[in-house]
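# Give me the fold of what follows.
(one chain, ligands or ions: 1)
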Amino acid sequence: MADWHRVCDPSEIPLGTGKEITVQDRVLAVFRTDDAFHVLDGICPHAGGPLGAGTLTGSIVTCPWHGWQFDVTTGQHCLSQQICQPSFPVKVEADGLYVELP
Ligand code: FES
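Numbering: from 1, shown residues only. Just a heads-up that it's a prediction; the model follows:
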């Protein structure tokens, strides 16, 4: 059953950046774009790199290890339709940013 879990205070993720945060033993990559927060599985499917430490340009994150790129709004790999990083619903409440994990 899916549950909502507090991730952090929204102020911890400045606009145009990302951060790696572990919630419920799961490594997440949390990003803040112009219009919203987005949460992906934080472990790059290529070789396990830290997506949360990647560079965010618009809605595209570039993995710091070998440069794979993903759309943080969907998890879709930018070059391969076969690769889609898991993404999770996110919401902002009065006391923080929350993610819904399965
Ligand atoms: S580990 Fe992310 S591109 Fe290789």
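
# Just give the number of residues close to E100.
E100 has 13 neighbours, counted by other C-beta atoms under 10 Å. No exception for glycine: its C-beta is placed from N, CA and C like everyone else's.

# so when I look at it, I'm seeing a helix, right?
No - read with DSSP: H, G, I helix; E, B strand; the rest coil, E100 is strand and lies in no helix.

# Count residues in the vicinity of the closest residue in space to it that isn't next to it in sequence, would you?
Spatially, and ignoring its direct neighbours in sequence, E100 is nearest to P89 (4.3 Å; C-beta to C-beta, 6 or more residues apart in numbering). Neighbourhood size, P89 [other C-beta under 10 Å]: 12.

# cool, the one 10 residues further on as well?
By other C-beta under 10 Å, 25 other residues sit near V99.

# do T55 as well
Counted with other C-beta under 10 Å, T55 comes out at 14.

# dump the residue contacts of it.
Residues near T55 by C-beta atoms under 8 Å, 6 or more residues apart in numbering: V61, T62, P64.
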